[in-house]
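*Asks:* Okay, predicted coordinates and the sequence, questions at the end:
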Amino acid sequence: MADNTFDAIVVGSGISGGWAAKELTEKGLKVLMLERGRNFEHVKDYQSANKNPWDFDHHGKPTQAQLKQHPIIARTWGKVEPIMDYWANDVDAPYTEVKPFKWWRAYQLGGRSILWGRQSYRWSDIDFDANAKDGWAIDWPIRYKDIEPWYNHVEEFIGVSGSKEGLAHLPDGHFLPPMDMNSVEKDVAARIKQQYKGQRHMIIGRVANLTEAIPGRTKCQFRNRCWEGCPFGGYFSTQSSTLPAALKTGNLTVRPWSIVTKVIYDKNTKKAKGVEILDAENNKTYEYYSKIVFLNASALNSAWVLMNSATDVWPDGLGSSSGELGHNIMDHHYNVGAAGEIEGFEDKYYYGRRANGIYIVRFANLLGDKRDYLRGFGYQGAGSRGSWSREVAELNVGATFKEALTEPGHWSMGITGFGELLPYHDNKITLDKTKKDKWGLPVLAMDAALKENELKMRKDIVAEAQAMLAAGGVKNIVTHDNGHQIGDGIHEMGTARMGKDPKTSVLNEHNQVWDAQNVFVTDGACMVSSSCVNPSLTYMALTARAANYAVEELKKGNL
Amino acid sequence: MNRRDALSRVALILGGTIIGAEAFLSGCKNPSPSAAGTFSADDIAFLDEVGETILPATTTPGAKEAKIGQFMKTIVTDCYEEKDQKIFAEGIGKLKEASKKKYSKDFMELSAAEKHDLLVELDKEAKDYNKTKKEGAPNHYFAMVKQLTVWGYFTSEPGATKALRYVPIPGHYDGNYPYKKGDKAWAL
């Protein structure tokens, strides 16, 4: 095999790219994984992970110099001193905001798998049926039964801790033991269960942190510093999990600093021949060839690659024949919820920093419930005792003030909604050819916003948050709705959706581009609707499913 | 930090808290070089005294042992927006003037009790100001000084390990951990 020829090319090394590489290499394919950013080694490159708070010059606060390189992240809660270098340089790689859009990007090996929130929930048929039932957009080409074995496959490998609840709309999985709720969370959960007659469920979050060791990885140490990278491999990331498995096969080649600029499309065979890359360090162009290509560059960047490919055949790019490429962008909207105080429990505290919280399972528009909007939402939250950062009303300065702050304060409990966003054709991304990035490449223009359905839902999220906390015994409840710019949920998806019909979708039921069937897109781009649960576990399962199919088709000589 | 940490901090802020942890979340939006962010050795010694008055040594170390003056300098110089740098720099002068006005003495010459009483007054002034402060209006210098002192101290080595309990690697989680009055809070 020539140096530039492989069985498969995987574009991207994040959550779904790592899965594609693992599955394809384990099935015997020679795989090239391309990452646009730097190499980033497990443990060795987690340079801040063992520092103490005082070892950081600014005790966690980002400097003006850091913020200047990251004007987008500067608008988010991700602007924290230790991890500023983990975020993409927003100045080198700008984008156009036709409407305000927060794009959290991590351009390095492992992508956002290092930084992700690790909440891991299965979708159910309520989600896969939703578009068809509501007559909205297009139907999913798959159902829960199609993906269920792949959820099992993924969960067994990555390790997800959680509790079995027996709920059809939030299917149980292959779980490691659940983390504990603290005393206040248990009390609030019990009160909610009683007040809503067992119809509403506050459970411990299902999270890809290990509550038991698995081969090659140590269990979670409850430091709650996951996003600095875990020296224990306590949570799932490409580096802790899929990359070592793929490397172990001897079939994986990783090439960092490789910006894929296009899929090379062969008009005669109507298939991809490989990809063209721009080396981000030396600015030279290289071509790599393969039998199949997996696009796992993240929802927006996978769409960007397609938009730049085969433009001599389709001016708007490979996969644009349906008119849907770049359209239907979704996210989860949040920054909306309530919080309040808990009386009592003064003799209770907690030990350890749990990188997880509670989850309130969707109830709106389910099981006979009917609202004045479509779909639903879940809540994430936590109960905790006040820290030194609290205000002590009656005290000001001096010894008494200081001594008060050395003890924990009263308990409080807060929840924030995560709402489903509908797919809208006119929520879209396009190429902005008037603006170029550091490498002279055209950038994306974001044109997407919440609409009436989401705004109605947000009012309900606030009202229900207040009502449920009150039912849970929480006092002095304060609600908030800070608005939501698309992208801020870090769950962007839908820009190259699956479907049953090439006229209305970019991908088929196996994530193959209709117009080039040896190109698979298995990151968030493929999503047809957004559900309200965190999507990464579903991306992993869809990737494993598509990889299995691709190898079968290769064996049959169909690709 | 994750979303739920951010949330619990939001909850605290909603509960009326504007100090300390908020600094982790609020960055400076308009980077610009600073002319006001320069501090003399005297300024640092002065800020050490102010910090020590806010969080004095008791059975545990005070803010001076946490090198709070140097910390304030580092944060104001590297992390503050220019307009806040200016308020902070002018605030040093205002605090000195307040001492002259109340005691006809330099702050550094006051007794511990006098320093305390003066800062109680300034703290009240800042709190009253914040009660009616509109979003985007200038910050009060003493609110800044107090915020930097509390945050800097409790995240410093002496603050985190002596005034609080610091466990770098807890190893497990216990949601039903007992607490009795007098037990120290966790540093993180």
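*Replies:* Structure received. Given the structure is predicted, the values throughout are model-derived calculations rather than measurements.

*Asks:* What ranges does the stretch 151-300 of chain A have for its helices?
*Replies:* Taking DSSP state H, counting those that start in this stretch, the helices of the stretch 151-300 of chain A run over residues A:183-195, A:243-248, A:299-307.

*Asks:* Quick one: closest of the ones you listed to chain B.
*Replies:* helix A:183-195 (5.6 Å; CB to the nearest CB). Just so you know, the C-beta spots here come from the backbone N, C-alpha and C atoms, and that holds for glycine as well.

*Asks:* got the buried residues for the closest one?
*Replies:* A:183-189, A:191-193, A:195 (16 or more other CB atoms under 10 Å in any protein chain shown).

*Asks:* Kindly confirm whether my reading is correct that residue A:275 touches residue A:9.
*Replies:* Yes. With contact defined as CB atoms under 8 Å, residue A:275 and residue A:9 form a contacting pair (5.6 Å).

*Asks:* So between the two, which is more surrounded?
*Replies:* Neighbours were counted for residue A:275 and for residue A:9 using other CB atoms under 10 Å in any protein chain shown; residue A:9 has more, 29 against 25.

*Asks:* what's the following helix or strand after the lowest-mean-pLDDT helix or strand in chain B?
*Replies:* Lowest mean confidence among the helices and strands of chain B (mean pLDDT, DSSP states H and E): helix B:22-25, at a mean of 37. Sequence-wise, the next helix or strand downstream of helix B:22-25 (DSSP states H and E) is helix B:41-54.

*Asks:* can you list contacts of that next one?
*Replies:* Residues outside helix B:41-54 that contact it (CB atoms under 8 Å, 6 or more residues apart in numbering or on different chains) are A:397-398, A:401-402, B:39, B:62-64, B:66-70, B:72-73, B:92, B:95-96, B:107-108, B:112, B:115-116, B:119, B:145-146, B:149-150, B:152-153.

*Asks:* per-residue confidence averaged over it?
*Replies:* Across helix B:41-54, pLDDT averages out at 97.

*Asks:* Could I get the full set of strands for chain B?
*Replies:* Per DSSP state E, chain B carries strands over the ranges B:174-178.

*Asks:* Can you turn the buried part of the contacts of helix B:41-54 into a PyMOL selection?
*Replies:* Listed next is the PyMOL selection for buried residues among the contacts of helix B:41-54, using 16+ other CB under 10 Å:
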select buried, (chain A and resi 397+398+401+402) or (chain B and resi 39+62+63+64+66+67+68+69+72+73+92+95+107+115+116+119+145+146+149+150+152+153)
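
*Asks:* now the strands for the stretch 401-550 of chain A?
*Replies:* Ranges of strands in the stretch 401-550 of chain A, per DSSP state E, counting those that start in this stretch, are A:411-420, A:428-436, A:442-447, A:475-481, A:512-513, A:516-521.

*Asks:* Tell me where the model's unsure across chain B.
*Replies:* B:1-37 (pLDDT under 70).

*Asks:* how does it look with 50?
*Replies:* Within chain B, the segments meeting pLDDT under 50 span B:1, B:4, B:6-35.

*Asks:* In this structure residue B:73 contacts residue B:40, no?
*Replies:* No. The criterion here is CB under 8 Å, and residue B:73 misses it with residue B:40 at 9.7 Å.

*Asks:* From residue A:383, how far out is the residue in the stretch 201-350 of chain A that chain B sits nearest to?
*Replies:* Per CB to the nearest CB, residue A:339 is where the stretch 201-350 of chain A lies closest to chain B, at 3.4 Å. Remark: distance between residue A:339 and residue A:383 (CB to CB, to the nearest Å) = 10 Å.

*Asks:* picking that back up, okay, the residue of the stretch 201-350 of chain A closest to chain B: pLDDT?
*Replies:* pLDDT recorded at residue A:339 is 96.

*Asks:* From one end of stretch A:96-103 to the other, what's the distance?
*Replies:* 11 Å (CA to CA, to the nearest Å).

*Asks:* need the residues of the stretch 401-550 of chain A near chain B, please.
*Replies:* With CB under 8 Å from any CB of the partner chain as the criterion, the stretch 401-550 of chain A comes near chain B at residues A:401-403, A:405-409, A:412-416, A:476, A:478, A:480.

*Asks:* Strands of the stretch 201-350 of chain A, residue ranges please.
*Replies:* According to DSSP E, counting those that start in this stretch, the strands that the stretch 201-350 of chain A contains are A:202-204, A:252-255, A:258-266, A:271-279, A:285-295, A:332-333, A:336-342, A:348-351.

*Asks:* re the thing from before, now do the shared contacts for residue A:275 and residue A:9.
*Replies:* In contact with both residue A:275 and residue A:9: A:34, A:288, A:290, A:293, using CB under 8 Å, 6+ apart.

*Asks:* mind putting those in JSON lines, neighbour count, pLDDT and distance to chain B included?
*Replies:* Converted to JSON lines, those look like this (neighbours: other CB atoms under 10 Å in any protein chain shown; pLDDT from 0 to 100; distance: CB to the nearest CB, whole Å):
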{"residue": "A:34", "neighbour count": "24", "pLDDT": "98", "distance to chain B": "29"}
{"residue": "A:288", "neighbour count": "23", "pLDDT": "98", "distance to chain B": "37"}
{"residue": "A:290", "neighbour count": "23", "pLDDT": "98", "distance to chain B": "37"}
{"residue": "A:293", "neighbour count": "32", "pLDDT": "98", "distance to chain B": "34"}
